[in-house]
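Student: Okay, here's the prediction I keep looking at, along with the sequence it came from:
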Amino acid sequence: MFGWEAATPQKSQAKRGWIIALVIVVMLGLLVGGGFIFRAVKNTSTYGPEAKAREYLQAVVDGDVDTVVSMAAPNVTNAARALLNKDIYAASAKRPSDFSIDDTVVSGADATVSASVTLDGKSYPMTLTLHKTGTADVIFDAWQLTDGGLGSVQVASPESVTTVNGVAVSLSSGDEMPVLPGKYTFTPQKTSQYITFGDPVTISVVPGDTDTQAVAFGQSWTEAGRQYAVNAVNQRISGCLASDHFEPDGCKHLKMNDPGYAVTGITRTWSSAPTVTFKDGADTASSSNSGSFSFGSGSSNAWADEDLAQNGLTGSVVVSGGDLHIDYKWRVTEEQDWMSDTAVDDNVFSGHTVVAVTVGANGTPQLEFGQF
């Protein structure tokens, strides 16, 4: 009647259906788009390489060694992980105090994170590398550290170390051992008053320094050990001087050959005493006696006849020089009166005579007088 047709119920229902479908499509789009945004944000803030780097460096600063080891997963033996110890790290005099992330570069399944780590008030660059290993929590990327920027230390004779940063250790690996940035003091064992492994050694491992630091301890004689050996040789010489025999027991160098007639009252004195000195290590130089006293015997070297070192600490007491006077009385027959005479050797220990010194029981110097 008015030129238009009233809407039917069927057309109204169809229109409402299209509107509902459109709303659903828009909502699904928003959900999908939001999901992508949510995933992207979570990948960056929680699951991405930068997030992993932050978690790792925070563990370094916090001294959470267990987390550091779990995340860095150094590919070394358990023995070589001995310095990745929370007690040792907690006792370090200087440790990282802060960090910042400077840059993150992702290339396919690999990522490089550049950071700055503060140690003792100074900032050091530190680079971490990561690799995407799959997914985490179904939809997020999973990243694993492939290089945690750890330093390394190699200890020569690791069994000689008793504590690190005051914490008792039992080091058994001579391989490179990973360590966190910080200061480490290695203290060697004490053997005896005669032998030492030296003073403690302190090293500083700065963030980002991947060069291996070396710590070495070796046995050496203390001044008391050297003097002990020198005194022992002087005592042997003094005992030989007091002898009235042709050959004093244990001192062939002071021997007076039997001339074939009666001799008595043998008295030995020095007009110039020999020089007795200690030398570290085995002195294997040979020598011979060229002194003027025909009653004397050749010089000798205990190291020349057998290897006494046996991979242990060695030393040598070197005896040289010595002008010897031997006063004595002689007669050819019993009817004769005793005649006084003197013989002189201007260089008893010509060249030098060597007494080998090794480590005896309880760390006491042991001297080899077999060739003396």
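Tutor: Alright, I've got the coordinates. Numbering: from 1, shown residues only.
Student: Quick check: buried residues in the longest strand anywhere in the chain?
Tutor: Longest strand of the chain, by residue count under DSSP state E: strand 122-136. Judged by neighbour count (16 or more other CB atoms under 10 Å), strand 122-136 contains these buried residues: 124, 126-128, 130, 132. For the C-beta atoms, the positions are set from N, CA and C on the backbone; glycine is no exception.
Student: strands paired with it, and their directions?
Tutor: According to DSSP bridges, strand 122-136 forms sheet pairs with strand 110-119 (antiparallel), strand 140-147 (antiparallel).
Student: gap between that strand and the chain center?
Tutor: Counting by CA atoms, centre = their mean, to the nearest Å, strand 122-136 is centred 30 Å from the centre of its parent chain.
Student: same question, stretch 219-235
Tutor: Computed by CA atoms, centre = their mean, the separation of stretch 219-235 from the middle of its chain amounts to 26 Å.
Student: Quick check: buried residues in it?
Tutor: Applying 16+ other CB under 10 Å to stretch 219-235 flags 219, 221, 225-226, 228-230, 232-233 as buried.
Student: Give me the subset of these lying in strands.
Tutor: Using DSSP E, these in strands are residue 221.
Student: In TSV, list the buried residues of stretch 219-235 along with distance to residue 348 and pLDDT.
Tutor: Below are the buried residues of stretch 219-235 laid out as TSV (distance: CB to CB, whole Å; pLDDT from 0 to 100):
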residue	distance to residue 348	pLDDT
219	33	88
221	26	94
225	26	95
226	23	96
228	23	97
229	20	97
230	17	97
232	18	96
233	13	96
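Student: Now render the buried residues of stretch 219-235 as CSV, adding distance to residue 362.
Tutor: CSV is the format used below for the buried residues of stretch 219-235 (distance: CB to CB, whole Å):
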residue, distance to residue 362
219, 14
221, 15
225, 12
226, 17
228, 12
229, 15
230, 20
232, 16
233, 20
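Student: Closest one to residue 340 out of the buried residues of stretch 219-235, please.
Tutor: Closest approach to residue 340 among the buried residues of stretch 219-235 (CB to CB): residue 233, at 31.1 Å.
Student: Angles on the backbone of the closest residue in space to the closest one that isn't next to it in sequence, please.
Tutor: Leaving aside its chain neighbours, residue 233 sits nearest to residue 317 (4.7 Å; criterion: CB to CB, 6 or more residues apart in numbering). As for residue 317, its main-chain torsions (degrees, to the nearest 10) stand at phi -100, psi 120.
Student: In the chain, where is pLDDT below threshold?
Tutor: Scanning the chain for pLDDT under 70 picks out 1-17, 21, 23, 25-26, 29-46, 135-139, 284-311, 351.
Student: what about 50?
Tutor: Applying pLDDT under 50 to the chain flags the ranges 1-2, 4, 35-42, 286-299, 304-311.
Student: Just give me the residue closest to the centre of it.
Tutor: residue 155 (2.7 Å; CA atoms, centre = their mean).
Student: got the residue ranges for the helices in the stretch 251-372 of the chain?
Tutor: Ranges of helices in the stretch 251-372 of the chain, per DSSP state H, counting those that start in this stretch, are 302-305.
Student: follow-up on the earlier one: quick check: which of the strands paired with strand 122-136 has the most neighbours on average?
Tutor: Mean neighbours per residue, mean count of other CB atoms under 10 Å, is largest over those for strand 110-119, with a mean of 20.
Student: Report the distance from that strand to the chain centre.
Tutor: Strand 110-119 has its C-alpha centroid displaced from the chain centroid by 29 Å (CA atoms, centre = their mean).
Student: List the contacts of that strand.
Tutor: Residues from elsewhere that reach strand 110-119 (CB atoms under 8 Å, 6 or more residues apart in numbering): 49-50, 53, 57, 60, 94-105, 123-132, 143, 181-182, 206-208.
Student: Give me the subset of the buried residues of stretch 219-235 that lies in helices.
Tutor: If you go by DSSP state H, the buried residues of stretch 219-235 have 225-226, 228-230, 232-233 in helices.
Student: Let me see the contact set for residue 144.
Tutor: Counting by CB under 8 Å, 6+ apart, residue 144 touches 52, 73, 130-133.
Student: Likewise for residue 215?
Tutor: So residue 215 contacts 153-156, 161, 186, 201, 203 (CB under 8 Å, 6+ apart).
Student: pretty sure residue 120 contacts residue 93?
Tutor: No. If you go by CB atoms under 8 Å, residue 120 and residue 93 don't touch, sitting 9.3 Å apart.
Student: List the residues that contact the residue nearest to residue 233.
Tutor: Taking CB under 8 Å, 6+ apart, one finds 229-230, 232-233, 276-279, 354-355, 357, 367 in contact with residue 317.
Student: can you rerun that using 10 Å?
Tutor: 226, 229-234, 236, 276-279, 283, 302, 352-357, 365, 367-369, 372 (CB atoms under 10 Å, 6 or more residues apart in numbering).
Student: hang on, residue 194 packs against residue 278?
Tutor: No. Residue 194 is beyond contact range of residue 278, at 11.6 Å (criterion: CB atoms under 10 Å).
Student: Can you check which residues contact both of those two?
Tutor: Common neighbours of residue 194 and residue 278 (criterion: CB under 10 Å, 6+ apart): 221, 223, 225-229, 365.
Student: could I get those as TSV with distance to residue 67?
Tutor: Below are the shared contacts of residue 194 and residue 278 laid out as TSV (distance: CB to CB, whole Å):
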residue	distance to residue 67
221	46
223	48
225	47
226	50
227	53
228	52
229	53
365	50
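Student: can you name the two of those residues that are farthest apart?
Tutor: Using CB to CB for every pair in those, the one that comes out farthest apart is 223 and 365, at 12.2 Å.
Student: Between those two, which contacts overlap?
Tutor: Here residue 223 and residue 365 share the contacting residues 194, 278, scored by CB under 10 Å, 6+ apart.
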